[in-house]
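J.: dropping a prediction and its sequence here:
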Amino acid sequence: MALTCRQAVPARRRVTILGSTGSIGCNTLDLLERRPEAYSVEALTANRNVALLAEQARRVKPRTAVIADPQKYASLKEYLDGSGLTAAAGAQALVEAARQPADWVMAAIVGAAGLAPTLAAIQRGAVIALANKECLISAGPVMTAEIKKHGATLLPVDSEHNAIFQVFDFDRVDAIDRIVLTASGGPFLRHDKAAIAKATPEQAVAHPNWKMGAKISVDSATLMNKGLEVIEAAHLFPIPHERIEVVVHPQSVVHSLVGYIDGSLLAQLGPLDMRVPIAYTLGWPDRMHAPTQRIDLADIGQLTFETPDTDRFPALSIARQALRTGAGAPTIMSAANEVAVDAFLAGRTGFLDIVRVVEGALDKVPHLPLDNLEDVADLDAQARATANEIIEQT
Ligand code: NAD
Ligand code: MG
């Protein structure tokens, strides 16, 4: 099932950025602010970083600036005093912001917290640039049903899925026989098991290639990120999940590939800059100029590829198993992983415990099917409670 349809694009797009203060959000604003004649901003949202949200709002003048943490509302109002901009706060205000009539919405909140506002944008048939992979993993069947029902358009921002999207012939799906996701391998690619066991949060977030938010950086270190991306690809592209392969490619120059029945393998290559996939979604269906480096292949010299080591990085196998199991297994896995990564970043648990907590939650929480959003929320809450119990028992 293709998750896109060709919608008419207005000359000047109104955009909303959910999660504007994060790594993806800031990169999106960087591109937008270079083309004020082509884009205007409807709403910006953030979790707690009031100072940055207010600074961004004063620059691009959205109709609304929303802070998720209600305790920061007074502070946001103070920062915006005299600007004439509207401030709002709380989880419901995030959903309202997504309902505002933007043509294009960047879904860049991290974790399941992004699900409700992203769905609100889907339900009014918007074009959504999806960075937040956790909401698709957690609520995949519910989200894809809503996308179809409301005629929304989902454009993948994750660099691998964006690469596939660029070379996937949706009109000749029968001619496609596989997808190959590339993985950098993360900061511990060459570490042995003993060294990985001692990994600190500082080492885990120091990604060799990309500068990203803390959660996705830890996911890249465990390779859970690639596991989440296999599930993400299974929802985004009409291909059986057994035909989604993963290959480690430490240079991260080839962002992913699509294999065709004649043996051709089409790839998208690009610099290590998330503004490339973001620009693709922002300009879509056209291309926009992006101030990104042009890669020099002779300068790079060598591109290498290797099989992922699921013995040292079991998260990839766990995610594949969750995808095979189906029902609520990916929901449980993603929620438990969020809790475990938070605990690891806070120094409450070790690096190897992340996978142990995820496996424990998948073992203990019943894998119920997901018919609606309430089912997703219930299962997510159960998985979080179980993950916390496992961490406390350690
Ligand atoms: P980040 O931590 O830098 O930013 C997250 C944003 O979400 C911030 O604006 C924050 O204020 C907001 N936020 C966090 N918790 C929230 C909550 N409870 N309620 C409302 N808002 C909340 O993360 P990021 O690296 O920009 O990643 C964002 C998403 O994009 C993630 O799902 C990640 O997996 C995905 N992604 C990121 C990259 C990357 O290069 N950074 C690449 C591919 C995919
Ligand atoms: Mg990715």
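T.: Happy to help now that I have it. Ligands and ions are numbered 1, 2, ... in the order given.
J.: regarding the protein, what is its longest helix?
T.: Ranked by number of residues, the top helix in the chain under DSSP state H is helix 373-393.
J.: just the CA trace of that one, in CSV.
T.: The C-alpha coordinates for helix 373-393 follow below in CSV (Å, rounded to 0.1, in the frame of the first residue of the first chain):
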residue,chain,number,x,y,z
LEU,A,373,-6.1,4.3,19.8
GLU,A,374,-7.3,3.3,23.3
ASP,A,375,-5.9,-0.2,22.7
VAL,A,376,-2.5,1.4,21.8
ALA,A,377,-2.6,3.7,24.8
ASP,A,378,-3.5,0.8,27.2
LEU,A,379,-0.7,-1.5,25.9
ASP,A,380,1.8,1.4,25.9
ALA,A,381,1.0,2.1,29.5
GLN,A,382,1.2,-1.6,30.5
ALA,A,383,4.6,-1.9,28.8
ARG,A,384,5.9,1.2,30.5
ALA,A,385,4.8,0.1,33.9
THR,A,386,6.4,-3.4,33.4
ALA,A,387,9.6,-1.9,32.1
ASN,A,388,9.8,0.4,35.1
GLU,A,389,9.2,-2.6,37.4
ILE,A,390,12.0,-4.6,35.8
ILE,A,391,14.4,-1.6,36.1
GLU,A,392,13.5,-1.1,39.8
GLN,A,393,14.1,-4.8,40.5
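J.: please name the nearest non-neighbouring residue to whatever residue of the chain ends up closest to ligand 2.
T.: Closest contact between the chain and ligand 2, by Cβ to the ion, is at residue 158 (4.2 Å). All C-beta spots, glycine's among them, are computed from the backbone N, C-alpha and C. Ranked by Cβ to Cβ, 6 or more residues apart in numbering and with sequence neighbours excluded, the top spatial neighbour of residue 158 is residue 133, at 5.8 Å.
J.: who touches the longest helix of the chain?
T.: With contacts defined as Cβ atoms under 8 Å, 6 or more residues apart in numbering, helix 373-393 is touched by 112, 115, 119, 138-139, 142, 328, 331-333, 335-336, 338-340, 343, 348-349, 353, 356-358, 360-361, 364-365, 368-370.
J.: is that helix in proximity to ligand 1?
T.: No: Helix 373-393 stays clear of ligand 1 (Cβ under 6 Å from any ligand atom), getting no nearer than 12.8 Å.
J.: next, the buried residues of that helix.
T.: Residues 375-377, 379-380, 382-384, 386-388, 390-391 are the ones in helix 373-393 that count as buried (16 or more other Cβ atoms under 10 Å).
J.: pull the most distant pair out of those.
T.: 375 and 391 (24.7 Å; Cβ to Cβ).
J.: ok, the residue of the chain closest to ligand 2 touching residue 229?
T.: Yes: between residue 158 and residue 229 a contact is recorded at 6.4 Å, counting by Cβ atoms under 8 Å.
J.: now for those two: what residues contact both?
T.: Counting by Cβ under 8 Å, 6+ apart, the common neighbours of residue 158 and residue 229 are residue 133.
J.: check contacts around the spatially closest residue to residue 247 that is not a sequence neighbour.
T.: Among residues not flanking residue 247 along the chain, residue 305 sits closest, at 5.0 Å (Cβ to Cβ, 6+ apart). Counting by Cβ under 8 Å, 6+ apart, residue 305 touches 182, 247, 248, 249.
J.: narrow those to those in strands?
T.: Among the contacts of residue 305, the members found in strands (DSSP state E) are 182, 247, 248.
J.: gap between the first one and residue 252?
T.: As defined by Cβ to Cβ, to the nearest Å, residue 182 lies at a distance of 7 Å from residue 252.
J.: okay, the two: which has more neighbours?
T.: The neighbour comparison of residue 182 against residue 252 (other Cβ atoms under 10 Å) goes to residue 182, with 26 against 21.
J.: for the more buried one, give the beta-bridge partners.
T.: Note on residue 182: beta-bridge partners by DSSP bridges are residue 247.
J.: for ligand 1, what are the nearby residues on the chain?
T.: Residues of the chain lying close to ligand 1 by Cβ under 6 Å from any ligand atom are 19-25, 46-47, 49, 68, 94, 108-110, 113, 131-134, 158, 210, 212-213, 216, 274.
J.: can we see that at 5 Å?
T.: Contact residues, the chain versus ligand 1 (Cβ under 5 Å from any ligand atom): 19, 21-25, 46-47, 68, 108-110, 113, 131-133, 158, 212-213, 216, 274.
J.: could you tell me how far stretch 136-155 lies from the centre of the chain?
T.: The chain centre lies 14 Å from the centre of stretch 136-155; the measure is Cα atoms, centre = their mean, to the nearest Å.
J.: and it with ligand 2, contact?
T.: No: using Cβ under 5 Å from the ion, stretch 136-155 stays clear of ligand 2, with a minimum separation of 12.5 Å.
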